[in-house]
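Participant: I'd like to go over a predicted model; first the sequence, then the structure.
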Amino acid sequence: MEFIEIDCPICDDGKTHRARILETKKGKFKRRTSEFDATVFIVLCEDCKTKGIVRRVEQINMESYEFPFED
């Protein structure tokens, strides 16, 4: 079982929370004329038990959240 630290938007308490990684996908992220490698994680926050999506683009130091996530 793998875990990552996230700033859960549902808990919204300003602390980092441990989230269990349910699924990992690799892909491309396009911004204007540039293309970057992106990693998408489907996670479950250990504190509030909400499932969500975390998108990370390491090359431009970007991370975005989409909570809650419905299958």
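Facilitator: Cool, the structure landed. If you're wondering where the values come from, they're calculated on a predicted model, not measured in any experiment.

Participant: got the CA coordinates for the lengthiest strand in the chain in PDB?
Facilitator: Identified as the longest strand of the chain according to DSSP state E is strand 17-31. Only the C-alpha atoms of strand 17-31 are listed here, as PDB (Å, rounded to 0.1, in the frame of the first residue of the first chain):
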ATOM      1  CA  HIS A  17      -3.000  14.600   5.500                       C
ATOM      2  CA  ARG A  18      -1.900  11.100   4.600                       C
ATOM      3  CA  ALA A  19      -3.800   9.700   1.600                       C
ATOM      4  CA  ARG A  20      -3.800   6.100   0.400                       C
ATOM      5  CA  ILE A  21      -3.100   5.700  -3.400                       C
ATOM      6  CA  LEU A  22      -5.800   3.600  -5.000                       C
ATOM      7  CA  GLU A  23      -4.700   4.100  -8.600                       C
ATOM      8  CA  THR A  24      -1.800   5.800 -10.500                       C
ATOM      9  CA  LYS A  25      -1.900   6.900 -14.100                       C
ATOM     10  CA  LYS A  26       0.800   8.600 -16.200                       C
ATOM     11  CA  GLY A  27       0.100  11.000 -19.000                       C
ATOM     12  CA  LYS A  28       0.600  14.300 -20.700                       C
ATOM     13  CA  PHE A  29      -0.500  17.800 -19.500                       C
ATOM     14  CA  LYS A  30      -0.800  20.600 -22.100                       C
ATOM     15  CA  ARG A  31      -0.500  24.200 -21.300                       C
END
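
Participant: And that strand, how far out from the chain middle?
Facilitator: Its chain's C-alpha centre and that of strand 17-31 lie 5 Å apart, by C-alpha atoms, centre = their mean, to the nearest Å.

Participant: Not counting its neighbours along the chain, what's nearest the residue nearest the centre of the chain?
Facilitator: Closest residue to the average C-alpha location of the chain: residue 54 at 1.2 Å, with C-alpha atoms, centre = their mean. Using C-beta to C-beta, 6 or more residues apart in numbering and skipping residues adjacent in sequence, the residue nearest residue 54 is residue 41, 4.5 Å away. For glycine as for every other residue, the C-beta is placed from the backbone atoms N, C-alpha and C.
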